[in-house]
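J.: For reference, the sequence and a predicted model appear below.
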Amino acid sequence: DAGVTQSPTHLIKTRGQQVTLRCSPKSGHDTVSWYQQALGQGPQFIFQYYEEEERQRGNFPDRFSGHQFPNYSSELNVNALLLGDSALYLCASSPRGVNEKLFFGSGTQLSVL
Amino acid sequence: DAKTTQPPSMDCAEGRAANLPCNHSTISGNEYVYWYRQIHSQGPQYIIHGLKNNETNEMASLIITEDRKSSTLILPHATLRDTAVYYCIVRVGGGVETSGSRLTFGEGTQLTVNP
């Protein structure tokens, strides 16, 4: 049983560009959330999706947007990249009715130059 | 979600018990205590959670004080593979509709298990 898978594992972009990160949840999970982890800090919640809609959002600007597909996979889009967007982006999944433990992927390391 | 306080780092000898403390003095009655850990270059991993009773699973034990203002995560026989950052998180329990997927991570405790 595959866990949460994220792609790509590493990505390098330049300021002003746009980036799309992808996540496939663990089998049987329909809820996906995204986190940003800057170096040396704990992960910060970006937003959560279920039933293909954004349900909760953290304190992130509108440059951060997402999408969830009918197969429950998800994308995180970041527009107009800033140097400060350099971070590890983590995807987590859970079944909606049982939210007691989130399963995290290994993340996408984004570097903005 | 209630704020938590953890020591920034701890050391433990391999084979000994690792006791990681967490203070959460502003915890509300409907908030659970969760523990996650993050091994280098990996995503966080769920360890255990509890409301007010002590809990044990195959990974660890969670001891919550009677007033619920603090807790301790116990790894009974620490191994080198337990070296990680351990996060104590307090949040409302329940399904996604009630509590969402938001976990508020602090900076955690860097546990180093030494041979």
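T.: That came through, no problem. Numbers count the residues shown, from 1 in each chain, chains lettered A, B, ... in the order given.
J.: contact partners of stretch A:15-23?
T.: A:4-8, A:11, A:13, A:32, A:34, A:73-83, A:89, A:91, A:93, A:105, A:108, A:110, A:112-113 (CB atoms under 8 Å, 6 or more residues apart in numbering or on different chains). The way it works is simple: take the backbone N, C-alpha and C, and place the C-beta from them, glycine included.
J.: Just the buried residues out of those residues, in ChimeraX syntax.
T.: Provided next is the ChimeraX selection string for whichever of those are buried by 16 or more other CB atoms under 10 Å in any protein chain shown:
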select /A:4,6,13,32,34,73,74,75,76,78,81,89,91,93,105,108,110,112
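J.: overlap between the contacts of stretch A:15-23 and the residues near chain B?
T.: A:4, A:105 (CB under 8 Å from any CB of the partner chain).
J.: The contacts of stretch A:15-23 in strands, which ones?
T.: A:5-7, A:11, A:13, A:32, A:34, A:74-78, A:89, A:91, A:93, A:108, A:110, A:112 (DSSP state E).
J.: Could you find the closest non-adjacent residue to the residue nearest the centre of chain A?
T.: Closest residue to the average C-alpha location of chain A: A:Trp34 at 3.2 Å, with CA atoms, centre = their mean. Leaving out its chain neighbours, the residue that sits closest to A:Trp34 by CB to CB, 6 or more residues apart in numbering or on different chains is A:Ile46, at 4.3 Å.
J.: ok, the closest residue to B:Arg102 other than its chain neighbours - contacts?
T.: Ranked by CB to CB, 6+ apart and with sequence neighbours excluded, the top spatial neighbour of B:Arg102 is A:Phe45, at 4.5 Å. By CB under 8 Å, 6+ apart, the contact list for A:Phe45 reads A:33-35, A:56, A:58, B:101-104.
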